[in-house]
Every structure is written in C-alpha cells, then in structure tokens.
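Provided below are the primary sequence and the corresponding predicted coordinates.
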Amino acid sequence: MKQFTQILLLAIAFIFTSCFEKEPKDKIEEVTMYVSHQTDIYYDLFDSGRTHPMEGMIMKEEGWADWECHSFQTIEGFEYIKGHKYTLLVEKTTLANPPMDASSVKYKLISIVEQRLVGNR
C-alpha cells in the first residue's frame, strides 16, 4: 500500500509540474542594422511562380555575411529614402511562436545612428 501511495503522489506531482511548464518566450535584443543606398527586387513568400517582383531595401544585421532584400516596411518606425545609406539601432524580436504565414523575426527602430546621402540624387 505504501508503494502505491508513493507512485500515486509521484504521478500527481508530475501532472501538476507539466501543467505549469512555461510557454516559450520571445527573444528580444538590440542589434545594429545596415541598410544600403540601393534597392533590389524580391518576391513574396507565396509567389512561387515569381511573377510579381517587388522593390525592397537591401539590409543586413551586424555580423551577417550576406545582404538581403526586404520590404520597405520590415523595420517598424523606419522610413527608407532611396539613395541614403543607414546604420540603425533596432530592437529585434525573435518570436517563439511565429505565425505560419509570416516571418519569425520582427524589427523595430530604436534610433538612426547614421544616415548618409550616396551619389548624385
């Protein structure tokens, strides 16, 4: 009987602790972002036939090897001006449970560290 009681208590403790497991949390960090003075073409995630090209800004995070083209609305609070090169401080949120039809990363402008006009525009 004593062994049965111990097993029962252990099972109850396991059930209660598993119910209180913490939900995964979003990861929030400040990162430096570079935005090129040039633009490029990208395609929407659902444009598998690549029939609707869209113009976007070319950007990369500090530490990234390659530049990527993204929508002009990728960084919340940031207004891109063609011909300008930027260094930005942004809040990067990596979503623990991202929507199936959207990016798992969100960017929000903290400040423009540097903005420079490049070329004859």
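Received it, and whenever you're ready, just let me know what you need.

CA atoms for contacts and neighbours, from now on please.
Will do.

what about residue 114, helix or strand, and which?
For residue 114, the host element (DSSP states H and E) is strand 105-117.

which helices and strands does that strand pack with?
strand 75-76, strand 84-94 (3 or more Cα pairs under 8 Å, 6 or more residues apart in numbering; DSSP states H and E).

of the ones you listed, which is nearest residue 37?
strand 84-94 (4.4 Å; Cα to Cα).

what lines up beside that closest one in the sheet?
strand 27-42 (antiparallel), strand 105-117 (antiparallel) (DSSP bridges).

any chance of those in CSV, plus distance to residue 94?
Below are these laid out as CSV (distance: least, Cα to Cα, whole Å):
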stretch, distance to residue 94
strand 27-42, 5
strand 105-117, 5
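
just those: most buried one?
Greatest average neighbour count among the strands paired with strand 84-94 goes to strand 27-42 (a mean of 17), per mean count of other Cα atoms under 10 Å.

now the very next helix or strand once past that one: buried residues?
Where DSSP H and E defines the elements, the next helix or strand beyond strand 27-42 is strand 54-61. Using 16 or more other Cα atoms under 10 Å as the test for burial, strand 54-61 gives 56, 57, 58, 59, 60, 61.

between these, which is closest to residue 23?
Nearest member of those to residue 23, counting by Cα to Cα, is residue 61, at 27.7 Å.

Serialize the strands paired with strand 84-94 to a markdown table and add fields for mean pLDDT and distance to residue 88.
Listed next are the strands paired with strand 84-94 as a markdown table, based on pLDDT from 0 to 100; distance: least, Cα to Cα, whole Å:
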| stretch | mean pLDDT | distance to residue 88 |
| --- | --- | --- |
| strand 27-42 | 95 | 5 |
| strand 105-117 | 97 | 5 |
